[in-house]
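Chemist: take a look and give me a structure for this.
(2 chains)
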Amino acid sequence: MSRKKAAKGKAATSSPSAGSPTGGKGTGKAARSSPGIVQMNGVVHPSRPSISNSSEFYDIAFKVMLVGDSGVGKTCLLVRFKDGAFLAGSFISTVGIDFRNKVLNIDGVKVKLQIWDTAGQERFRSVTHAYYRDAHALLLLYDVTNKTSFDNIQAWLTEIHEYAQQDVVLMLLGNKADATHDRVVKREDGERLAKEFGVPFMETSARSGLNVELAFTAVAKELKHRSVKDPSEKFKLQEYVNKEMKGTGCCRS
Amino acid sequence: MEKNNKATNHRTRSAVDGRAKDRVDRVDPYGFERSEDFDYESYEELMSEYLVVLTRRTIKWSKLLKGKGKVQKNVKLKRYVRKGIPNEHRALIWMAASGAQDQLEKNPGYYQSLLGAQHDPKLAETICTDLNRTFPDNILFRKTSSPCLQKALNNVLLAYGHHNQAVGYCQGMNFIAGYLLIITKDEEKSFWLMDALLSRILPDYYSPAMLGLKTDQEVLGELVKMKIPRVWQTMVDHNVMWTLVVSRWFICLYIDILPVETVLRIWDCLFYEGSKILFRVALTLIHHNQALIQQAQSLPDVCQNFKQITHGPFVDECHTFMQKIFTEPGSLPMATLTKLRATCRSRIIAEES
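Modeler: As a prediction, the model looks like this:
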């Protein structure tokens, strides 16, 4: 499969802990812990690149979850970010839970985002919310052309507060911002709601690519900042987002 | 699906490859467009063998069904079903074996009355969200296609949602109804087959609590623990919940997981023998690929490997695969399954309360 990157060959030379899949019993534990996801406030080893047989090198890894109502564009957002493509009319509804990896270079540190895509339908939440617990970041999406998906954000936030870690990085995204004719949720409405709950916010478009990279980069920056620096010295996620964000009607790309 | 045949492809045969591409349709017999990296060469090779089997089976089935108005379930028919129902008889046998035909005959006009009644707008909207996301790669589901199965899909799901209000609509049902429509080409039959699956054949996979699904995922875990303990250990080592790797197997009944032809062969047995077959398939996939699964170094690796094992020649060769599922996992008595289901179910209920 194409996902097997060239990294496989390099593994043996550069990462002794993850080199041999058949490694003896004694090394089994070390081999497993190395490519694992770092704990929120856990120890990070930027000097010891980790690797697993399905991804590239990385220094630190985080788990990000995409949540929101069915049909708001979670899978499309992820595919746009991962592959730079838009799945116009060729995607299928996500059943259950799935994930993709992407390694970002954040200020010289290779940050691996393990991004979990979930089914939006309510009944699947009882299957997927078991995963909230381990998520370092949650991207909560609504669809600017679907009022119900916006109205349900409060319920999603309640669910997140109940099941996710207290210090989870959370961001609200109003997706499908390109669909000017069908828009029913104003940008200001999204901003107001985000402010009310103290959550960073931006509008995105998986179709045009608007702010997609930024959403994930901002989250990666925040997570990296939290784990490598003194947590008291805060990276301002919303400030960063405001500075970098592109408006819907902006011709600058 | 059939996209991942690359392993068996030989680059040097590219000249022959081109010819195979000219001979084989771009759309499969069920309306699915072949992917860009579809391996026509391997497909042709595989089909040349499978067509012999299909022809032999078709002749046998024609003899079996000749002059019979009604199909009786018996040992011979069961054997025949396991060897594959020719596509032209699928709808008939599925309807008869599952009891859907009886229901259809007992309830004339019921399906139409469901369609004619006032529809719950919320249910209609939920279904609508998935219409464009059900088999966009199948030409029969295009808006321009005539007849357009997307409309039929909407009808079947709407009718079913009103018929079984405890379930309503659950994602995954769209794919199942879609397959039923492709095979039966008939809304009412698809509706009653849906009813057979959801109310009799499968446990409650699709109800809001999804207890049947959660149970069967755990049951599979227990079976793996008994039969393939080293894979079970790998799952424990990397803290992988079974739902992560197999929920789609159960919810979609292997649609979009395994190749179309293989899925249909599994469904032949599903309608005739019941949900045990889903475990046989899962156990075979895991057992056959246990070495690969055990190589995983992390949770993402495990997930990746579980995706990988549903592709390739082992699952493409549906006739051999279907023979394997009855031998490779070993014996699987219904009593064991019933007992495990009860245990797992109570455990889940206890954990959730």
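
Chemist: correct me if wrong: A:Leu173 contacts A:Ala215.
Modeler: Yes: look at A:Leu173 against A:Ala215 with CB atoms under 8 Å: they come within range, at 5.9 Å. For glycine as for every other residue, the C-beta is placed from the backbone atoms N, C-alpha and C.

Chemist: which residues are common contacts for those two?
Modeler: Common contact partners of A:Leu173 and A:Ala215 (CB atoms under 8 Å, 6 or more residues apart in numbering or on different chains): A:Leu77, A:Leu139, A:Met202, A:Thr204.

Chemist: show me what contacts the first one?
Modeler: It stands for A:Leu77. A:Leu66, A:Leu139, A:Leu141, A:Leu173, A:Asn175, A:Thr204, A:Ala206, A:Val212, A:Ala215.

Chemist: please tell me how far A:Gln121 sits from chain B.
Modeler: Using CB to the nearest CB, to the nearest Å, A:Gln121 is found at 5 Å from chain B.

Chemist: re the thing from before, looking at A:Leu173 and A:Ala215, which one has more neighbours?
Modeler: Between A:Leu173 and A:Ala215, counted using other CB atoms under 10 Å in any protein chain shown, the more crowded position is A:Leu173 (27 against 24).

Chemist: quick revisit: ok, the shared contacts of A:Leu173 and A:Ala215 vs chain B, which is closest?
Modeler: Nearest to chain B among these: A:Leu77, at 14.8 Å, using CB to the nearest CB.

Chemist: ok but the closest one is inside a helix, no?
Modeler: Yes: counting by DSSP: H, G, I helix; E, B strand; the rest coil, A:Leu77 falls inside a helix.

Chemist: returning to what we had before: dump the shared contacts of A:Leu173 and A:Ala215 to CSV, plus secondary structure and pLDDT.
Modeler: Shown next, in CSV, are those (DSSP: H, G, I helix; E, B strand; the rest coil; pLDDT from 0 to 100):
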residue, secondary structure, pLDDT
A:Leu77, helix, 97
A:Leu139, strand, 98
A:Met202, strand, 96
A:Thr204, coil, 98
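
Chemist: and which of these is nearest to A:Gly89?
Modeler: Relative to A:Gly89, the closest of the shared contacts of A:Leu173 and A:Ala215 is A:Leu77; by CB to CB it sits at 16.0 Å.

Chemist: I'd like the distance between that closest one and B:Leu258.
Modeler: 28 Å (CB to CB, to the nearest Å).

Chemist: buried residues in the longest helix seen in chain B?
Modeler: Of all the segments of type helix in chain B, defined by DSSP state H, the longest one is helix B:40-65. For helix B:40-65, burial by neighbour count (16 or more other CB atoms under 10 Å in any protein chain shown) applies to B:Tyr40, B:Glu41, B:Ser42, B:Tyr43, B:Glu44, B:Leu46, B:Tyr50, B:Leu54, B:Arg57, B:Thr58, B:Trp61, B:Leu65.

Chemist: and whichever strand or helix holds A:Asn242, what's buried?
Modeler: Using DSSP states H and E, A:Asn242 falls within helix A:237-244. Neighbour-count burial for helix A:237-244 flags A:Leu237, A:Gln238, A:Tyr240, A:Val241 (criterion: 16+ other CB under 10 Å).

Chemist: and the least confident of those?
Modeler: Lowest pLDDT within the buried residues of helix A:237-244 is found at A:Gln238 (81).

Chemist: so what's that residue closest to, chain neighbours aside?
Modeler: Leaving aside its chain neighbours, A:Gln238 sits nearest to A:Pro200 (4.3 Å; criterion: CB to CB, 6 or more residues apart in numbering or on different chains).

Chemist: low-confidence ranges in the chain?
Modeler: No chain in the question, so chain A it is. A:1-56, A:229-234, A:247-253 (pLDDT under 70).

Chemist: let me rephrase: I mean chain B.
Modeler: B:1-18.

Chemist: and the most centrally placed residue in chain A, what is it in contact with?
Modeler: In chain A, the C-alpha nearest the mean C-alpha coordinate belongs to A:Val64, at 3.7 Å (CA atoms, centre = their mean). Residues in contact with A:Val64 (CB under 8 Å, 6+ apart) are A:Leu113, A:Gln114, A:Ile115, A:Trp116, A:Ala135, A:His136, A:Ala137, A:Leu138, A:Leu139, A:Phe216, A:Val219.

Chemist: what's the answer for A:Leu113, then?
Modeler: A:Leu113 makes contacts with A:Ala61, A:Phe62, A:Val64, A:Asn101, A:Lys102, A:Val103, A:Leu104, A:Phe216, A:Val219, A:Ala220, as judged by CB under 8 Å, 6+ apart.

Chemist: mind saving the C-alpha coords of the helix or strand containing the second one as CSV?
Modeler: Using DSSP H and E, A:Phe62 sits in strand A:60-68. Extracted as CSV, the C-alpha positions of strand A:60-68 are listed here (Å, rounded to 0.1, in the frame of the first residue of the first chain):
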residue,chain,number,x,y,z
ILE,A,60,6.4,14.2,19.3
ALA,A,61,3.0,12.8,18.5
PHE,A,62,-0.5,13.9,19.4
LYS,A,63,-4.0,12.6,18.9
VAL,A,64,-6.5,14.9,17.3
MET,A,65,-10.1,14.1,16.9
LEU,A,66,-12.6,15.5,14.4
VAL,A,67,-16.1,15.8,15.8
GLY,A,68,-19.4,17.3,14.7
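
Chemist: that strand pairs with which strands?
Modeler: Using DSSP bridges, the strands paired with strand A:60-68 in its sheet are strand A:109-118 (parallel), strand A:137-143 (parallel).

Chemist: buried ones in it?
Modeler: Using 16+ other CB under 10 Å as the test for burial, strand A:60-68 gives A:Ile60, A:Ala61, A:Phe62, A:Lys63, A:Val64, A:Met65, A:Leu66, A:Val67, A:Gly68.

Chemist: closest one of the residues you listed to A:Gly108?
Modeler: Of all the buried residues of strand A:60-68, A:Ile60 has the smallest distance to A:Gly108: 12.1 Å, by CB to CB.

Chemist: any idea how many residues pack against A:Asp167?
Modeler: Residues lying near A:Asp167 (other CB under 10 Å) number 11.

Chemist: just the helices in the stretch 151-253 of chain A please.
Modeler: Ranges of helices in the stretch 151-253 of chain A, per DSSP state H, counting those that start in this stretch, are A:153-163, A:187-196, A:212-228, A:237-244.

Chemist: how far away from the center of its chain is the shortest one?
Modeler: Pointing back at helix A:237-244 there. Here helix A:237-244 is found 17 Å from its chain centre; the criterion is CA atoms, centre = their mean, to the nearest Å.

Chemist: over to stretch B:169-182?
Modeler: 10 Å.

Chemist: what of stretch A:151-164?
Modeler: On CA atoms, centre = their mean, the centre of stretch A:151-164 falls 17 Å from the chain's centre.

Chemist: tell me the buried residues in it?
Modeler: With burial defined by 16+ other CB under 10 Å, the residues of stretch A:151-164 counted as buried are A:Asn152, A:Ile153, A:Trp156, A:Leu157, A:Glu159, A:Ile160, A:Tyr163, A:Ala164.

Chemist: which non-adjacent residue is nearest the second one?
Modeler: Looking back up the chat, that one is A:Ile153. Excluding its sequence neighbours, the residue lying closest to A:Ile153 (CB to CB, 6+ apart) is A:Tyr142, at 5.6 Å.
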